[in-house]
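Chemist: only geometry, no sequence info:
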Ligand SMILES: O=C[C@H](O)[C@H](O)[C@H](O)COP(=O)(O)O
């Protein structure tokens with residue numbers, strides 16, 4: 001078994017600080033598939049929280065393939081906390097499948113951690129989320145948690161958000177109206193046909209945007225009548241990002 005920890009720090013350069021890179025392998029080689037990177041960050045997230053859990057702790061859990069890896073890893077320590085709040089029906093089902101109790105958010109007054117993936121993140125830890133359509137409940141659960149731990153593989157890292165189409169959840173009867181408003185912003189709204197969110201709404205994916213000011217755009221989109229929420233997580237972005245790379249898991253924080 002080869003175990004390596006590389007420490008590197010840079011500050012004031014894009015707002016990001018790399019705390020550590022950790023890698024362990026049986027062979028010493030650094031080849032990892034994307035799935036293995038997701039599993040590695042999922043385990044790193046469990047390691048990050050497990051020492052700080054109490055028997056009455058409730059954990060917020062996101063949605064998607066990386067969050068699924070986290071749920072599977074979390075199952076190993078399920079007796080060390082009370083349960084979880086799920087950001088989607090799919091996540092609730094997976095949690096229950098592992099014997100982890102799922103709580104209604106309205107019955108939870110305090111939550112230490114929210115753990116979830118992302119579709120893109122930038123050097124300021126702003127995110128695009130909602131590729132799986134769970135953005136609204138994700139944003140609500142993230143808002144309650146004290147620390148948002150985002151788990152990603154390195155394919156999600158960008159300098160500027162917007163290459164990934166920005167999901168906007170919309171009340172069905174407002175779809176055309178919102179679409180026109182989004183087009184006026186310079187993007188190309190594409191209706192996610194056949195998809196209905198857990199909240200009974202539809203998604204417009206906003207393509208061809210260069211998002212220069214994520215916080216401003218997040219607020220601007222929320223102000224369009226008929227928009228429920230949008231997939232920019234900038235006003236409440238990640239507090240820490242665990243990023244899987246072929247060379248190990250990097251921990252990224254604000255400088
Ligand atoms: O609605 C889906 C969520 O925002 C996911 O966190 C996001 O799409 C990333 O998913 P994955 O881990 O499957 O890439």
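Modeler: Sure, I can see it. Predicted model only: the values in this text are computed from it and were never measured.
Chemist: residue 170 contacts residue 199, correct?
Modeler: No - using Cβ atoms under 8 Å, residue 170 is not in contact with residue 199, being 10.6 Å away. Where you see a C-beta, it was placed from the backbone N, CA and C, and this is true even at glycine.
Chemist: of those two, who's got more company?
Modeler: Between residue 170 and residue 199, residue 170 has the larger neighbour count (other Cβ atoms under 10 Å), namely 27 against 13.
Chemist: quick one, what contacts the nearest residue to the more buried one once chain neighbours are set aside?
Modeler: Among residues not flanking residue 170 along the chain, residue 178 sits closest, at 4.8 Å (Cβ to Cβ, 6 or more residues apart in numbering). Going by Cβ atoms under 8 Å, 6 or more residues apart in numbering, residue 178 touches 168, 170, 189, 204, 224-227.
Chemist: who wins for neighbours among those residues?
Modeler: If you rank the contacts of residue 178 by neighbour count (other Cβ under 10 Å), residue 168 sits at the top with 30 neighbours.
Chemist: which residues touch the one helix or strand it maps to?
Modeler: Taking DSSP states H and E as the definition, one finds residue 168 inside strand 166-170. Under the criterion Cβ under 8 Å, 6+ apart, residues 128-131, 133, 135-136, 178, 182, 187, 189, 192, 197, 199, 201-206, 209, 211, 221, 226-232 lie in contact with strand 166-170.
Chemist: now, which of those lie within helices?
Modeler: If you go by DSSP state H, those have 135-136, 178, 182, 221 in helices.
Chemist: which ones, among those, also lie beside the ligand?
Modeler: Contacts with the ligand are made by residue 135 out of these, judged by Cβ under 6 Å from any ligand atom.
Chemist: in this protein, where is pLDDT below threshold?
Modeler: 1-30 (pLDDT under 70).
Chemist: interface residues of it facing the ligand?
Modeler: So the chain meets the ligand at 62-67, 116-119, 129-135, 138 (Cβ under 6 Å from any ligand atom).
Chemist: sweet, I'm off.
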